[in-house]
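Enquirer: Pasting the sequence and the predicted coordinates here, then a few questions.
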2 protein chains.
Amino acid sequence: MKEFKKLSRRQQNMLRFMSEYTGKRGFPPTIREIGERCDIASTSVVNYNLNKLVDAGYLQRSGKVSRGLRIIADIPGVAPLPRLATIANSPRVALVGRIAAGEPISLPEDIAHHIDEDDYVAVPQEFLGGFDENEVFALTVRGDSMIDSMIQDGDIVILRQQSTADNGEMVAAWLPEDSETTLKHFYREADSIRLQPANAAYDPIFVHPANCQIKGKVLSVMRSYG
Amino acid sequence: MKEFKKLSRRQQNMLRFMSEYTGKRGFPPTIREIGERCDIASTSVVNYNLNKLVDAGYLQRSGKVSRGLRIIADIPGVAPLPRLATIANSPRVALVGRIAAGEPISLPEDIAHHIDEDDYVAVPQEFLGGFDENEVFALTVRGDSMIDSMIQDGDIVILRQQSTADNGEMVAAWLPEDSETTLKHFYREADSIRLQPANAAYDPIFVHPANCQIKGKVLSVMRSYG
DNA sequence: TTGACATACAAACATATGTTCGTGTATACT
DNA sequence: AGTATACACGAACATATGTTTGTATGTCAA
């Protein structure tokens, strides 16, 4: 008797989000996370609609259990994913923001706990440079200003948060005097710092140490066409 | 560079239970649930061993998040368990060779059958462009000749084998007359083909269609520093 | 109008659940 | 003897998270 009652736009949204979230993170979202992402102000409304989805046969809930959600039917309008296959996967790294020439990198206080609105990127173990996933984060590159470092618009940069660097390492640095963020190879010289682009056709820049705040070390870059 | 730490019996048990639980219920267990089922008296001990599993590379945790567990590697000795069929690892793509300016790309007859233990790269699903991993292969870039396409020495290029391309797509092409392999954006013009570098500072080249054998379409690029 | 019903909200509530800390007990090595 | 390390325990702690309640707003039909 479970009828195919028409799902409201909101309920469809919720289903889609739950599926996506579970695929990305490996476990279902909380009621509050659903509310945030689906623009629902009250947890009780989320709860209400979750029960509607249960009635409609799309969802299964475990009472009093945190994240006790399981999608048990295909979502209308969404290509059916191999549901259980999405549960375990490769390491995920928090995609915490973007990096552009004209703006500083703003990092959440605690990357590991920054769970709200963010996306996650799967990153193969080999590209984490041996660091723990929890101290690593990812940024989306905006603009073509990093072209001298062989990094282009849309690239995803994987970094480890740190404020110092060894010679030769690729770093993300904020230059306060220039109000500029840059990605370059780091070299400490006599009394200045040389920031060397990866592409030899471009010239290095020299900055005073006081004008160079290292935000992180670049571990890897991933680019997807199409 | 894999840490092959021996897991204690207890830790193996935990992994097995977590996997089983997640498969059955759709979400991971709590620390206390793990403790009950694995005969561990204190939640702190579970916590302790979970962190060990993270160190060993089997698990990923989301701090302060209830049920924030994700198994990211096969469980030793338990892989063939039917219930674990639900566990999906990152797609692996055959690393079949290298690509350099001066030499053609030599492709094995059948990529899917080119199975060598070591010559694989893990590639996140999002970077496969929707193609099946069996029709996709990877090449290591040698030399700085692709610098105009924002690709440098050591980069790993993920491609799909195909001999035609749509405008705008990034392709790997062999130019017989020039004895040269190149990676560029493909544009079919009136009676020639324009191969456009990604970096606008470099000029496109125009080739006769007869002098342009498309070997594959570039899906993504992955670069690791260090 | 009325009332029934579906949906939405905010705040208070109860507890499920991760974290931390002090301690204990082995084993191994100096 | 020590000292270090790995592992285990229990209890207190902090908060993440599901649940409930009271109320408000819309629509639709009698």
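Expert: Structure's in. What do you need?

Enquirer: so where do the strands sit in chain A?
Expert: A:59-61, A:69-71, A:92-99, A:119-122, A:136-141, A:156-161, A:170-175, A:180-188, A:193-196, A:205-207, A:213-224 (DSSP state E).

Enquirer: Now residue A:189: closest residue in space, sequence neighbours ignored.
Expert: The spatially closest residue to residue A:189, leaving aside those adjacent along the chain, is residue A:206, at 7.3 Å (Cβ to Cβ, 6 or more residues apart in numbering or on different chains). All C-beta spots, glycine's among them, are computed from the backbone N, C-alpha and C.

Enquirer: same check, this time on residue A:100
Expert: Using Cβ to Cβ, 6+ apart and skipping residues adjacent in sequence, the residue nearest residue A:100 is residue A:142, 4.1 Å away.

Enquirer: same question, residue A:170
Expert: Nearest residue to residue A:170, sequence neighbours excluded (Cβ to Cβ, 6+ apart): residue A:218, at 4.0 Å.

Enquirer: try residue A:194
Expert: Of all residues not flanking residue A:194 in the chain, residue A:187 sits nearest, at 4.2 Å (Cβ to Cβ, 6+ apart).

Enquirer: cool, and residue A:65?
Expert: residue B:27 (8.0 Å).

Enquirer: ok, now residue A:174?
Expert: Nearest one to residue A:174, counting by Cβ to Cβ, 6+ apart, is residue A:213 at 4.5 Å.

Enquirer: got a list of what the one you found touches?
Expert: Contact analysis of residue A:213 by Cβ atoms under 8 Å, 6 or more residues apart in numbering or on different chains lists A:163, A:173-176.

Enquirer: still on that earlier bit, you'd agree the residue nearest to residue A:189 is up against residue A:193?
Expert: Yes - contact criterion Cβ atoms under 8 Å: residue A:206 and residue A:193 qualify, at 7.0 Å.

Enquirer: Residue A:220 and residue A:19: what is the separation?
Expert: 28 Å (Cβ to Cβ, to the nearest Å).

Enquirer: More neighbours: which of the two?
Expert: Neighbour count, other Cβ atoms under 10 Å in any protein chain shown: between residue A:220 and residue A:19, residue A:220 has more, with 22 against 19.

Enquirer: tell me, what residue is most central in chain A?
Expert: The centroid of chain A falls nearest to residue A:95 when counting by Cα atoms, centre = their mean (1.5 Å).

Enquirer: Mind pulling up the pLDDT for it?
Expert: On pLDDT, residue A:95 comes in at 75.

Enquirer: mind listing what residue A:47 touches?
Expert: Neighbour list for residue A:47: residue A:31 [criterion: Cβ under 8 Å, 6+ apart].

Enquirer: where does it land on pLDDT?
Expert: 93.

Enquirer: Local confidence estimate at residue A:69?
Expert: 91.

Enquirer: if you skip the residues just before and after it, what's nearest to it?
Expert: Using Cβ to Cβ, 6+ apart, the closest residue to residue A:69 is residue A:28 (4.0 Å).

Enquirer: Run the contact check for the biggest helix by length in chain A versus DNA strand D.
Expert: If you go by DSSP state H, chain A has its longest helix at helix A:9-25. No - legend: contact between helix A:9-25 and DNA strand D by Cβ under 7 Å from any atom of the strand is lacking; minimum distance shown is 10.8 Å.

Enquirer: residues of that helix that come out buried?
Expert: Neighbour counts over helix A:9-25 (16 or more other Cβ atoms under 10 Å in any protein chain shown) mark A:11-25 as buried.

Enquirer: what's the angle between it and strand A:92-99?
Expert: 110 degrees (axes from the mean of the first three to the mean of the last three Cα atoms, to 10 degrees).

Enquirer: Mind giving me the packing neighbours of helix A:9-25?
Expert: Contact here means 3 or more Cβ pairs under 8 Å, 6 or more residues apart in numbering or on different chains; DSSP states H and E; on that basis helix A:9-25 packs against helix A:31-37, helix A:43-55, strand A:69-71, strand A:119-122.

Enquirer: One more pass at 7 Å, please.
Expert: Packing partners of helix A:9-25 (3 or more Cβ pairs under 7 Å, 6 or more residues apart in numbering or on different chains; DSSP states H and E): helix A:31-37, helix A:43-55, strand A:69-71.

Enquirer: distance between it and the chain's centre?
Expert: How far helix A:9-25 lies from its chain's middle: 17 Å, per Cα atoms, centre = their mean, to the nearest Å.

Enquirer: May I have it as PDB, with CA atoms only?
Expert: Extracted in PDB, the C-alpha atoms of helix A:9-25 (Å, rounded to 0.1, in the frame of the first residue of the first chain):
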ATOM      1  CA  ARG A   9      10.800  19.400  -4.200                       C
ATOM      2  CA  ARG A  10      12.100  19.700  -0.700                       C
ATOM      3  CA  GLN A  11      11.900  16.000  -0.100                       C
ATOM      4  CA  GLN A  12      13.600  15.200  -3.400                       C
ATOM      5  CA  ASN A  13      16.300  17.600  -2.400                       C
ATOM      6  CA  MET A  14      16.800  15.800   0.900                       C
ATOM      7  CA  LEU A  15      17.000  12.400  -0.700                       C
ATOM      8  CA  ARG A  16      19.500  13.700  -3.200                       C
ATOM      9  CA  PHE A  17      21.600  15.300  -0.500                       C
ATOM     10  CA  MET A  18      21.500  12.300   1.700                       C
ATOM     11  CA  SER A  19      22.700  10.100  -1.200                       C
ATOM     12  CA  GLU A  20      25.400  12.400  -2.200                       C
ATOM     13  CA  TYR A  21      26.600  12.900   1.400                       C
ATOM     14  CA  THR A  22      26.700   9.200   2.100                       C
ATOM     15  CA  GLY A  23      28.600   8.600  -1.100                       C
ATOM     16  CA  LYS A  24      31.200  11.300  -0.300                       C
ATOM     17  CA  ARG A  25      31.700  10.700   3.400                       C
END
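
Enquirer: Taking their axis directions, it and helix A:43-55 sit at what angle?
Expert: 90 degrees.

Enquirer: Quickly check: helix A:9-25 near DNA strand C or not.
Expert: Yes - residues of helix A:9-25 contacting DNA strand C under Cβ under 7 Å from any atom of the strand: residue A:10.

Enquirer: residue ranges with poor pLDDT in chain A?
Expert: A:1-5, A:74-90, A:102, A:106-119, A:133-134 (pLDDT under 70).

Enquirer: Close to DNA strand D: what parts of it are there?
Expert: Proximity of chain A to DNA strand D, by Cβ under 7 Å from any atom of the strand, involves residues A:30-33, A:43-44, A:47, A:61, A:63-68.

Enquirer: can you rerun that using 10 Å?
Expert: Within chain A, the positions near DNA strand D by Cβ under 10 Å from any atom of the strand are A:27-35, A:42-48, A:50-51, A:61-69, A:113, A:115-116.

Enquirer: which residue packs closest to residue A:145, ignoring adjacent ones?
Expert: Closest residue in space to residue A:145, ignoring its immediate chain neighbours: residue A:101 at 3.4 Å, by Cβ to Cβ, 6+ apart.

Enquirer: Understood, closing this out.
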